[in-house]
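[1] Got a predicted structure here, sequence first:
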Amino acid sequence: MKKTIDKIAEEIRIRWILFTSSVKYTLQLDTAYLVDGWSNLISTTFYTITFILFIKILYTNINTFAGYSESQTLFLTLIGQINFYFYWVFIYGNLGQIGDLVTSGELDLILTKPVPADFYISVRHMKLIMLIRDSIAPTVSLSLIINWSALEFEFFGFFVGATVLVLGMLTIQSLYFIAYLPVFWLGRGSSPAESLENIRHYTHDIIPFEGFSKPIQIIFTLFIPMLIDTALATSIILGKIRPIPSLLLSLIAFITFTIIKKLLWREALKAYSSASS
């Protein structure tokens, strides 16, 4: 038992060292090229303002949308915005480079290091300055425009909703990791991640969880878990859905996709080693 605990503690320690090292390295790069990427701030701020105006116009003609008031919809948008920045840093900024690592041979160097390669690939570029710079204006704007007094929160529901949000983030990270793995067998350009991105565009941050039919809710919670981190988490926080069953579904999705990712990663490395030899 003690050996198992020590092993788990060591795995956590290694991952923490990798994470903090990646943060420090990326901070050095970002501060060296501080003026780069300001167009991202402009575009994301413009998108947020445009979406706020869309919601304001929408609610001049209706009182609720899928059972959500204007303030609740803005809160849904705020949660979606938070998830967008997680996606931008962890998925697009790291997992999106898997194809380049494989085709360029840089993966060989990573595999020679005594570190968990799948975790390192997921966190090796931590653009925190970009994250802070690009997220402050849109997030603050949304936070200020929400009528918080019109929202009701319960501690338990908020806690479970926040937990589901984190589980959803981790699950969608595993989903995208899986989507980028076909490059090991089929070559660059074979990733279904673009299809996932199209699905995400039409299900993420836009429509409340209650706006989908039951079959769609199940599909995009358990099989293509795009609704967990924003729509489902928001619904729980706002007290619109029972928290415990939703938490269990989210936990099942998280465990399932984590296991699938681990298994497919091992098979991908076997195919990579076979092709290299």
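    It's in.

[2] Can you tell me what sits against stretch 80-88?
    The contact list for stretch 80-88, computed with C-beta atoms under 8 Å, 6 or more residues apart in numbering, reads 48, 131, 134-135, 138-139, 142, 165, 168-169, 172, 204-206, 229-230. C-beta here means a position set from N, CA and C on the backbone, and glycine is covered the same way.

[3] My guess is Lys240 contacts Gly67. True?
    Yes - with contacts counted by C-beta atoms under 8 Å, Lys240 reaches Gly67, the gap being 6.9 Å.

[4] quick one: which of those two has more around it?
    Lys240 (16 against 13; other C-beta atoms under 10 Å).

[5] how near is the more buried one to Ser69?
    Going from Lys240 to Ser69 by C-beta to C-beta, to the nearest Å gives 11 Å.

[6] what's the answer for Ile121, then?
    Counting by C-beta to C-beta, the gap from Ile121 to Ser69 is 42 Å.

[7] Pick out whichever of these two has more residues nearby.
    Neighbour count, other C-beta under 10 Å: between Ile121 and Ser69, Ile121 has more, with 19 against 16.

[8] ok so, going back, quick check: neighbours shared by Lys240 and Gly67?
    With C-beta under 8 Å, 6+ apart, Lys240 and Gly67 have common neighbours Glu210.

[9] Which helix or strand lies directly C-terminal to the least confident helix or strand in the chain by mean pLDDT?
    Ranked by mean pLDDT, DSSP states H and E, the helix or strand of the chain with the weakest confidence is helix 2-32, at a mean of 67. On the C-terminal side of helix 2-32, the closest following helix or strand by DSSP states H and E is helix 38-58.

[10] pLDDT on that next one, on average?
    What helix 38-58 shows for mean pLDDT is 77.

[11] I'd like to check the angle between the following helix or strand past that helix and helix 38-58, please.
    Moving toward the C-terminus from helix 38-58, the next helix or strand (DSSP H and E) is helix 70-86. Helix 70-86 runs at 160 degrees relative to helix 38-58, counting by axes from the mean of the first three to the mean of the last three C-alpha atoms, to 10 degrees.

[12] With only the CA atoms kept, save helix 70-86 in CSV.
    What follows is helix 70-86, C-alpha atoms only, in CSV (Å, rounded to 0.1, in the frame of the first residue of the first chain):
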residue,chain,number,x,y,z
GLU,A,70,-31.0,37.3,-20.1
SER,A,71,-28.8,37.3,-17.1
GLN,A,72,-28.6,33.5,-17.1
THR,A,73,-27.7,33.5,-20.8
LEU,A,74,-24.9,36.0,-20.1
PHE,A,75,-23.7,33.8,-17.3
LEU,A,76,-23.6,30.9,-19.6
THR,A,77,-21.6,33.0,-22.0
LEU,A,78,-19.1,33.9,-19.2
ILE,A,79,-18.6,30.2,-18.4
GLY,A,80,-18.1,29.5,-22.1
GLN,A,81,-15.6,32.3,-22.4
ILE,A,82,-13.6,30.8,-19.5
ASN,A,83,-13.6,27.4,-21.3
PHE,A,84,-12.6,29.0,-24.5
TYR,A,85,-9.4,30.3,-23.0
PHE,A,86,-8.7,26.8,-21.5
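
[13] Flag every buried residue along the next helix or strand along the chain from that helix.
    Next helix or strand after helix 70-86 toward the C-terminus (DSSP H and E): helix 98-104. Residues of helix 98-104 classed as buried by neighbour count (16 or more other C-beta atoms under 10 Å): Ile98, Gly99, Leu101, Val102.

[14] Find the helix or strand that Gly239 is a member of.
    Gly239 belongs to no helix or strand when elements are defined using DSSP H and E.

[15] Tell me the spacing between it and Lys261.
    Going from Gly239 to Lys261 by C-beta to C-beta gives 32 Å.

[16] Compare these two and say which one has the larger neighbour count.
    For Gly239 versus Lys261, the count of surrounding residues by other C-beta under 10 Å is larger for Lys261: 20 against 16.

[17] Tell me how far the closest residue to that one other than its chain neighbours lies from Leu144.
    In space, and not counting its chain neighbours, Lys261 is closest to Ser174: 4.3 Å by C-beta to C-beta, 6 or more residues apart in numbering. Distance, Ser174 to Leu144, by C-beta to C-beta: 34 Å.
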